[in-house]
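K.L.:
next come a sequence and a model predicted from it.
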Amino acid sequence: MRRQGIEQAEPVNFRDLFYYFFNARVFLETLPDLLQGLVVTVEIAFLSLCLGFVLGLVLAVLRVAVKRRSNPLFIRLLNLPIAFYVDVLRSIPPLVILIVVYYALPYIGLVIPRFWAAVLTFVVILSAFAEEIFRAGIESIDRGQIEAARSLGLSYISTMTYVVIPQAFRVALPPMTSRMIAITKDVSLASVIGVADLLKKARAAQAFLANPTPLFSAALLFTLLFLPLVRISMYLEKKLGK
Amino acid sequence: MEALINNFFNVDVMYKAKYLLWLGFKVTLQLSFLSLILAILAGLFLAFVRSFRIRAVNLLIVIYVDVFRALPTIILFMLVYFTWPYFGISLPRYWSAVVALTVNGAAYFEEIFRAGIEAIDKGQIEAARALGLSFSQTMFSVVLPQAIVIVLPPATSNSLELIKTTVLASVIALPELMKQAQQAHGLFANPTPLIAAALIFLAFLWPMVRLVGVLERKYGQYS
């Protein structure tokens, strides 16, 4: 029952099912390699999350500050490039951005190693989504609080740091966790540009051993990694969403 | 600057690649449309079944939803396309992609529709019926107007995500827009088609991103 001989559909044989999909020997043999890949996946995810959320927060605060009515028009217009950046990165599928970063940028002299191309892609995408999330959080804080803080003598920056952002964070937490899961799931796209992450290792092992068990092991590892996160995000949405 | 224009916005290459990209765009549109409809129907069905609160069935649905929300979609495409042949089932690329997108999308739509169903208080339906409204009147003038407002923003945003996910079909070599762009990139040794594909996605999905923003501001949880 090799792949070549599948034109005439053969009946499912349960011994084959286990041999091909849940083969214990193959599973154990490839596990160390897959775990190595998992480490790379987690590294990319961790870097992208930290940098992406920080950049998103900076953009959100910048955008809110720039949009204030008391600003002169040319400063308020600075809102437009940020809005454009956010919209572009939310419209184009992550895989397309990744491929453009890795395959197209070298033509204009920007050669970025695989690993960092992946990190850069996920950082810019996450920052766009995070900007929207944080801005919604900041704008949900009642204007009266800002006015009160300002009239009590706090500077604009202190008002933001001590009054607005801590509260905005609470509003932003549920969408943040679900975006966190989405971006970490996208990290497996990095295998497309040849980063040796979990999925790449699984595909290599599958091809090498002509047995798809590694793909299932990878699916299992991903699920084990994300299930707790999915549950936590659902819990937070229920608890803080309303 | 000249290198930038020659490599990223090369009119000559664009002209040569336009047919390939058009073919790819048609596949992307078809795939998006078909999987979106199937995923919404499957999600509605699951949410509907779940509202009967049969414990064993609900447990299965919860497992289904959790697993497919946790599994990266790219691995789902690979599982569907690369492993079924070992089973003796050979599914063409296009249908593998439809299956993967539907199975994945349905898990998200189920959650969205369930939130819509659960948000309407049972007392409202009873009250409407007690006031003499027929079942269809209750549904169309009481339940649905409220449920749609709750469901619309996340459903639109999820549809957008689903359309963005169709790009992953390029991983199983389905000739959709991105795959064609990559092929044209290889053929002409010039990345203009990649940039063009990105711009096509931008033109096609930007209005939807804006729409999601408007809906979220109007009906979302922050309003």
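P.N.:
Sure thing, it's come through.

K.L.:
spatially nearest residue to the residue nearest the centre of chain A (excluding sequence neighbours)?
P.N.:
The centre of chain A sits closest to A:I183, judged by CA atoms, centre = their mean, with a distance of 1.5 Å. Ranked by CB to CB, 6 or more residues apart in numbering or on different chains and with sequence neighbours excluded, the top spatial neighbour of A:I183 is A:L126, at 4.9 Å. C-betas here are computed from N, CA, C, even on glycine.

K.L.:
rewinding a little: which strand or helix spans the residue nearest to the centre of chain A?
P.N.:
helix A:165-186 (DSSP states H and E).

K.L.:
what about the helices in chain B?
P.N.:
Along chain B, counting by DSSP state H, helices occupy B:2-8, B:11-50, B:55-70, B:73-87, B:93-119, B:122-130, B:135-137, B:144-165, B:177-188, B:192-219.

K.L.:
mind putting those helices in JSON lines, mean neighbour count and distance to A:V66 included?
P.N.:
Converted to JSON lines, those look like this (neighbours: other CB atoms under 10 Å in any protein chain shown; distance: least, CB to CB, whole Å):
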{"stretch": "helix B:2-8", "mean neighbour count": "14", "distance to A:V66": "28"}
{"stretch": "helix B:11-50", "mean neighbour count": "18", "distance to A:V66": "35"}
{"stretch": "helix B:55-70", "mean neighbour count": "15", "distance to A:V66": "36"}
{"stretch": "helix B:73-87", "mean neighbour count": "21", "distance to A:V66": "36"}
{"stretch": "helix B:93-119", "mean neighbour count": "21", "distance to A:V66": "34"}
{"stretch": "helix B:122-130", "mean neighbour count": "12", "distance to A:V66": "44"}
{"stretch": "helix B:135-137", "mean neighbour count": "10", "distance to A:V66": "50"}
{"stretch": "helix B:144-165", "mean neighbour count": "19", "distance to A:V66": "26"}
{"stretch": "helix B:177-188", "mean neighbour count": "22", "distance to A:V66": "35"}
{"stretch": "helix B:192-219", "mean neighbour count": "19", "distance to A:V66": "18"}
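
K.L.:
and of those, who's closest to A:V164?
P.N.:
A:V164 lies closest to helix B:192-219 among the helices of chain B, at 18.9 Å (CB to CB).

K.L.:
what packs against that closest one?
P.N.:
Helix B:192-219 is packed against helix A:79-91, helix A:94-99, helix B:2-8, helix B:11-50, helix B:144-165, helix B:177-188, with contacts defined by 3 or more CB pairs under 8 Å, 6 or more residues apart in numbering or on different chains; DSSP states H and E.

K.L.:
and with 10 Å instead?
P.N.:
Packing contacts for helix B:192-219, counted by 3 or more CB pairs under 10 Å, 6 or more residues apart in numbering or on different chains; DSSP states H and E, involve helix A:79-91, helix A:94-99, helix A:114-139, helix B:2-8, helix B:11-50, helix B:144-165, helix B:177-188.

K.L.:
who wins for proximity to A:V195 among those?
P.N.:
Short answer: helix A:114-139, nearest of the helices and strands packed on helix B:192-219 by CB to CB, at 4.8 Å.

K.L.:
mean confidence for the closest one?
P.N.:
Summarised as a single mean, pLDDT over helix A:114-139 is 94.

K.L.:
so for the lengthiest helix in chain A, mean pLDDT?
P.N.:
Scanning chain A for the longest helix, with DSSP H as the assignment, gives helix A:24-66. For helix A:24-66, the mean pLDDT works out to 91.

K.L.:
circling back: if you count neighbours, what's buried in the very next helix or strand once past the helix holding A:I183?
P.N.:
Once helix A:165-186 ends, the next helix or strand along the chain (criterion: DSSP H and E) is helix A:198-209. Residues of helix A:198-209 classed as buried by neighbour count (16 or more other CB atoms under 10 Å in any protein chain shown): A:L198, A:L199, A:K200, A:K201, A:A202, A:R203, A:A204, A:A205, A:Q206.

K.L.:
name the nearest of these relative to A:R231.
P.N.:
Closest to A:R231, out of all of the buried residues of helix A:198-209 and judged by CB to CB, is A:L198, at 21.0 Å.

K.L.:
thinking again about what came up before, looks like the residue nearest to the centre of chain A contacts A:I133 (just checking).
P.N.:
No: look at A:I183 against A:I133 with CB atoms under 10 Å: they stay out of range, at 11.9 Å.

K.L.:
if we can go back for a sec, how about the contacts made by the residue nearest to the centre of chain A?
P.N.:
A:44-45, A:48-49, A:52-53, A:94, A:122-123, A:125-126, A:129-130 (CB atoms under 10 Å, 6 or more residues apart in numbering or on different chains).

K.L.:
which among those count as buried?
P.N.:
A:44-45, A:48-49, A:52-53, A:94, A:122-123, A:125-126, A:129-130.

K.L.:
just those now: which is nearest chain B?
P.N.:
Using CB to the nearest CB, A:P94 is the member of the buried ones among the contacts of A:I183 that sits closest to chain B, with 7.4 Å.

K.L.:
quick check: closest non-adjacent residue to the closest one.
P.N.:
A:D186 (4.9 Å).

K.L.:
next, count neighbours for the one you found.
P.N.:
Around A:D186 there are 24 other residues, counting by other CB atoms under 10 Å in any protein chain shown.

K.L.:
what's the spacing between the nearest residue to B:A169 once chain neighbours are set aside and A:S127?
P.N.:
Leaving aside its chain neighbours, B:A169 sits nearest to B:A97 (4.0 Å; criterion: CB to CB, 6+ apart). Separation of B:A97 from A:S127 (CB to CB, to the nearest Å): 29 Å.

K.L.:
rewinding a little: need the residues touching each of A:I183 and A:I133.
P.N.:
Joint contacts of A:I183 and A:I133 (CB under 10 Å, 6+ apart) are A:F53, A:L126.

K.L.:
thinking again about what came up before, reformat the helices of chain B as a markdown table; add distance to A:A60 and mean pLDDT.
P.N.:
Output for those, formatted as a markdown table (distance: least, CB to CB, whole Å; pLDDT from 0 to 100):
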| stretch | distance to A:A60 | mean pLDDT |
| --- | --- | --- |
| helix B:2-8 | 30 | 82 |
| helix B:11-50 | 30 | 92 |
| helix B:55-70 | 26 | 91 |
| helix B:73-87 | 28 | 84 |
| helix B:93-119 | 25 | 92 |
| helix B:122-130 | 38 | 88 |
| helix B:135-137 | 45 | 85 |
| helix B:144-165 | 19 | 90 |
| helix B:177-188 | 30 | 91 |
| helix B:192-219 | 14 | 90 |
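
K.L.:
need these in JSON lines with distance to A:I99, can you?
P.N.:
Listed next are those as JSON lines, based on distance: least, CB to CB, whole Å:
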{"stretch": "helix B:2-8", "distance to A:I99": "13"}
{"stretch": "helix B:11-50", "distance to A:I99": "14"}
{"stretch": "helix B:55-70", "distance to A:I99": "25"}
{"stretch": "helix B:73-87", "distance to A:I99": "13"}
{"stretch": "helix B:93-119", "distance to A:I99": "18"}
{"stretch": "helix B:122-130", "distance to A:I99": "50"}
{"stretch": "helix B:135-137", "distance to A:I99": "50"}
{"stretch": "helix B:144-165", "distance to A:I99": "14"}
{"stretch": "helix B:177-188", "distance to A:I99": "7"}
{"stretch": "helix B:192-219", "distance to A:I99": "6"}
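
K.L.:
all set now, cheers.
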